[in-house]
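Peer 1: After the sequence you'll find the predicted model.
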Amino acid sequence: MKEILRAQNLRYRYPDGREALRGVDLSVAEGERLVLIGPNGAGKSTLLLALAGLLEVEGEVLYRGEPLRGLRDPRRLELGILFQDPDDQLFCLTVYEDVAFGPRQMGLPEEEVRRRVTEALARVGLSGFEERSPHHLSFGERRRAALATVLSMGPRVLLLDEPTSNLDPRARKELMTLLGQIPTTQVIATHDLELAYWVAHRVGLVFRGRVVHLGSPEEVLFDEELLVRNGLELPLFVSSLRGKDHGGKNKDSRLSARDFL
Ligand SMILES: Nc1ncnc2c1ncn2[C@@H]1O[C@H](COP(=O)(O)OP(=O)(O)OP(=O)(O)O)[C@@H](O)[C@H]1O
């Protein structure tokens, strides 16, 4: 598959001296959903920020074969990032204004802005919410509105930080389905291992500032020794499947996991 994004030996230290990325190499194929998992503090969020071109990192982020040239690189607009906290992305008086903000910044004509807002809101299931105040929405609705603000920019890569956190079971499931339906390349950082199992084409294990393992969802999520060695545990749904004697790394067990969700 064609590569769209590549990290080469990325290193990043926060201003207080804490080293968050310690030599990350990663290649993302066009159209794939790559899910990054790892314990608290492993560097997942920092890596997403770096891939979005929002940090002055050592090493290089290549987007479509060319290095991203810092915050002023206009191609950064093709990399849409969903922050963990939707309130970081919603600051206008209405949902419409928030979702229209990016396309307007891009200088698009108002007719095209309207088309994009309508399409993005429909995509996240918020048609009819145009005139609502973002601050009067439920958390789940705010998360989806924040996603619409990213989608309306028409990104070629979506970088999603903990998209299912703080959602109730139904909203979480709906969001998983939604992400599975969006054909855009996605890099998702999460603690939600069921999300990883459900949507990922590949799972990357992040530990102590590095991507230490990449593999298929089954290969990573069913390997207790690998997970424990890198600060995680076997997901409960996998233990549960094993308990029911579904065991292995075959298509049937994947179907069973889907039923379990
Ligand atoms: N703004 C910051 N200033 C200083 N250190 C930071 C900052 N943000 C993160 N860090 C540190 O960088 C390291 C990586 O943090 P990061 O948030 O990227 O990890 P993470 O894998 O996303 O963690 P979590 O799963 O808890 O969100 C941690 O040691 C963290 O304490």
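Peer 2: Right, received. Where do you want to start? Predicted, not measured: the structure shown is a model, and the values here were computed from it. Numbers count the residues shown, from 1 in each chain.

Peer 1: Which residues are in contact with the residue lying closest to residue 207 once chain neighbours are set aside?
Peer 2: If the residues on either side of it in the chain are set aside, residue 207 comes closest to residue 230, at 4.2 Å by C-beta to C-beta, 6 or more residues apart in numbering. Any C-beta I mention is one placed from the backbone N, CA and C, and that applies to glycine too. Contacts for residue 230 were tallied using C-beta atoms under 8 Å, 6 or more residues apart in numbering; they are 38, 39, 205, 207, 212, 213.

Peer 1: which residues touch the helix or strand that contains residue 47?
Peer 2: Using DSSP states H and E, residue 47 falls within helix 44-51. Contacts to helix 44-51, defined as C-beta under 8 Å, 6+ apart, come from residues 5, 7, 10, 12, 20-21, 24, 26, 36-38, 55, 57, 61, 79, 81, 84, 157, 159-161, 187, 189-190, 206, 211.

Peer 1: Pull up the gap between the residue nearest to residue 207 and residue 205, please.
Peer 2: Applying C-beta to C-beta, to the nearest Å, the value for residue 230 to residue 205 is 5 Å.

Peer 1: residues shared between the contacts of the two?
Peer 2: Common contact partners of residue 230 and residue 205 (C-beta under 8 Å, 6+ apart): 38, 212, 213.

Peer 1: With just CA atoms, put stretch 74-81 into PDB.
Peer 2: C-alpha atoms of stretch 74-81 as PDB (Å, rounded to 0.1, in the frame of the first residue of the first chain):
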ATOM      1  CA  PRO A  74       0.100  24.800   4.500                       C
ATOM      2  CA  ARG A  75       0.000  21.000   4.000                       C
ATOM      3  CA  ARG A  76      -0.600  20.700   7.700                       C
ATOM      4  CA  LEU A  77      -4.300  21.500   7.000                       C
ATOM      5  CA  GLU A  78      -4.500  18.100   5.400                       C
ATOM      6  CA  LEU A  79      -3.700  16.500   8.700                       C
ATOM      7  CA  GLY A  80      -6.800  16.900  11.000                       C
ATOM      8  CA  ILE A  81      -6.400  16.300  14.700                       C
END
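
Peer 1: Go through that stretch and flag the buried ones.
Peer 2: Of all the residues in stretch 74-81, those buried under the rule 16 or more other C-beta atoms under 10 Å are 76, 78, 79, 80, 81.

Peer 1: Need the residues that contact whatever helix or strand the last one lives in.
Peer 2: By that I understand residue 81. Per DSSP H and E, residue 81 falls inside strand 79-82. Residues from elsewhere that reach strand 79-82 (C-beta under 8 Å, 6+ apart): 5, 48-49, 51-54, 63, 89, 146-147, 150-151, 153, 155-161, 163.

Peer 1: does the ligand sit close to that strand?
Peer 2: No: applying C-beta under 6 Å from any ligand atom, one finds strand 79-82 separated from the ligand by no less than 13.1 Å.

Peer 1: now residue 56: how far from residue 212?
Peer 2: Residue 56 is 24 Å from residue 212, where distance means C-beta to C-beta.

Peer 1: So if I had to pick from these two, which one is more boxed in?
Peer 2: Comparing residue 56 with residue 212 by other C-beta atoms under 10 Å, the one with more neighbours is residue 212, at 17 against 9.

Peer 1: Assign a three-state SS to the residue nearest to the more buried one when sequence neighbours are not counted, would you?
Peer 2: Spatial nearest neighbour of residue 212, excluding adjacent residues (C-beta to C-beta, 6+ apart): residue 205 at 5.3 Å. Here residue 205 is strand, with the state taken from DSSP: H, G, I helix; E, B strand; the rest coil.
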